[in-house]
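Colleague: starting from these lines, generate the structure:
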Amino acid sequence: MKVIGFLNSGSPSPFAKYAKVFREGLEDTGYVEGENVEIIPRWAEGDYGILKTQAAELVARGVDVIAATGGIVAAQEAVSATGTIPVVFLGGVDPAQVEFVKGIKGPPRNATGVDTSTTDSVPERLARLRELVPDATKVAVLLRPGTYVYEREKEQAAKASLEVVEASDETEYEAAFASASKTVPTRSSSAPIHPSPISAGGSSRLRKTMSCRWLIRFVPIPKPVV
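Modeller: Numbers count the residues shown, from 1 in each chain. Predicted coordinates:
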């Protein structure tokens, strides 16, 4: 029986529908969990620090392939853990610009995946937001500190005159938006959410927390990485 290691930087609940689609995709190609394939899941629950250990555990289990999802950092840790086991990843940045192996940009021969282009499409997303909410006088963007794209996103936000709201996990939403509300008006305002493990399934909690008039979450458009 084939064994698949499923490495995700987020939590099971927000990613449940994606995990379901993952299994359905396997079934479409003839692989049914429990019959001819075993799936070993590892969820970091937003703690990027344990991804390295989890990736090593999957390698030690002798999985046939690792599906690294929930951000490019999961893919980096999976590739760092093995140079032979195939790694299929899902990321929001151009993988050709990412150092999967220290000092070398681009995925190695044992890795391939899908680029959702969530980072490079920031200007387009902002333009779309202006169309959807033309009366918005102040716009805030939710970012997670410490991620691969954080500094780049923060720099782009500054150039676009966006208010940056930072939260490492869902428990920090209330304090983050309370601070932002001092500078972002309650009315005629909006908040685009940058896709990440903490926001993938947290829109309902965000709506309850934030005082802005609009909450818009952008859905990434995937494209294969050659």
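Colleague: C-alpha only now, for contacts and for neighbours.
Modeller: OK.
Colleague: pLDDT score for the residue nearest to Glu166 when sequence neighbours are not counted?
Modeller: Nearest non-adjacent residue to Glu166, counting by CA to CA, 6 or more residues apart in numbering: Leu143, 5.0 Å away. What the model reports as pLDDT for Leu143 is 77.
Colleague: ok, how many other residues are close to Leu143?
Modeller: 25 (other CA atoms under 10 Å).
Colleague: from Thr112, how far off is it?
Modeller: 26 Å (CA to CA, to the nearest Å).
Colleague: once you drop chain neighbours, what's closest to Ser11?
Modeller: Counting by CA to CA, 6+ apart, Ser11 lies nearest to Glu45, which is 4.3 Å off, once chain neighbours are set aside.
Colleague: secondary structure element for the one you found?
Modeller: Counting by DSSP states H and E, no helix or strand carries Glu45.
Colleague: OK, contacts around it?
Modeller: Contact analysis of Glu45 by CA atoms under 8 Å, 6 or more residues apart in numbering lists Ser9, Gly10, Ser11, Pro12.
Colleague: residues touching Phe100, list them.
Modeller: Going by CA under 8 Å, 6+ apart, the list of residues near Phe100 reads Ala75, Gln76, Glu77, Val79, Ser80, Gly106, Pro107, Pro108.
Colleague: where does it sit: helix, strand or coil?
Modeller: Three-state assignment for Phe100 (DSSP: H, G, I helix; E, B strand; the rest coil): strand.
Colleague: do you know the pLDDT at it?
Modeller: 74.
Colleague: Thr116 now?
Modeller: At Thr116, pLDDT is 70.
Colleague: for burial, what's the neighbour tally of it?
Modeller: 22.
Colleague: returning to that earlier point: and the residue nearest to Glu166, how far from Gln54?
Modeller: 25 Å.
Colleague: try Leu126
Modeller: From Leu126 to Gln54 the distance is 36 Å (CA to CA).
Colleague: more neighbours: which of the two?
Modeller: Each of Leu126 and Gln54 has its neighbours counted (other CA under 10 Å); Gln54 has more, 23 against 17.
Colleague: just the strands in the chain please.
Modeller: Using DSSP state E, the strands of the chain run over residues 2-8, 37-43, 65-69, 87-91, 99-101, 104-105, 111-115, 138-143, 163-166, 189-193, 214-217, 223-225.
Colleague: got any ranges where this structure has weak pLDDT?
Modeller: 92-93, 101-104, 117-123, 146-149, 169-170, 177-226 (pLDDT under 70).
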